[in-house]
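# Would you be able to build a 3D model of this:
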Amino acid sequence: MTLRAEGRASAEDVWLRYVTPARWPSWSPQIRAVRVDDDRIVPGTRGEIVSLFGVTAAFAVESVDEERWRWTWRVRVGPVRMRLFHEVLRRPGGSATTLRIEGPAVALAAYAGPARWALGRLVRG
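Numbering: from 1, shown residues only. Reported below is the predicted structural model:
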C-alpha cells in the first residue's frame, strides 16, 4: 500500500519531523509516546511506540538516507510485522511525502486511515 500527502511545510521541516522521534506524537495523533535512546534516527535505532490505546509497538530503523530524505523501518505489534518506507519531496510552495507499507492486508487496512491523517498533519505548514 502506498499513501501520499502534500502540504505547505518545507521539505526540510518535514524531514526534521520524521527523523526526530520526540516529535512524532506532534504530527501522528495515534502515537502517545516514543521510547527511544536516540534523539535522531539512524540505521539501527530501536525503540517502542505507545499508541493512544496503550498498545506498544517495537521498531527498528533499517536505513536513513539524509541526502535523498528517505528512511525505512520495521514495526512489530505482537505477531504482526510491517515494513514502512518513507520519502520527503520538495514541491513548489511546500513538500510531499510518500509512505509505502508492506504487511498483512488486515493490518494495512486498519492502519491506512490513521496513517493518511498523520501524513496530512506532517506536511501541514
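
# gap between the two ends of stretch 45-54?
One end of stretch 45-54 sits 22 Å from the other (CA to CA, to the nearest Å).

# In three-state terms, label the nearest residue to D65 once chain neighbours are set aside for me.
Closest residue in space to D65, ignoring its immediate chain neighbours: W71 at 6.9 Å, by CB to CB, 6 or more residues apart in numbering. Glycine gets a C-beta too; all of them are placed from N, C-alpha and C. Three-state call for W71 (DSSP: H, G, I helix; E, B strand; the rest coil): strand.

# and W71, bridged to which residues?
Counting by DSSP bridges, W71 forms beta bridges with V64, H86.

# what's it in contact with, if anything?
By CB atoms under 8 Å, 6 or more residues apart in numbering, the residues touching W71 are 18-19, 41, 61, 63-65, 85-86.

# quick one: the strands in this structure?
For the chain, strands defined by DSSP state E occupy the ranges 2-7, 31-36, 46-51, 56-65, 70-77, 80-91, 94-102.

# Include distance to A109 and mean pLDDT when you put those strands into a markdown table, please.
Shown next, in a markdown table, are the strands of the chain (distance: least, CB to CB, whole Å; pLDDT from 0 to 100):
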| stretch | distance to A109 | mean pLDDT |
| --- | --- | --- |
| strand 2-7 | 13 | 97 |
| strand 31-36 | 19 | 96 |
| strand 46-51 | 17 | 97 |
| strand 56-65 | 17 | 98 |
| strand 70-77 | 14 | 97 |
| strand 80-91 | 12 | 97 |
| strand 94-102 | 11 | 98 |
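
# Right, I'll call it a day here.
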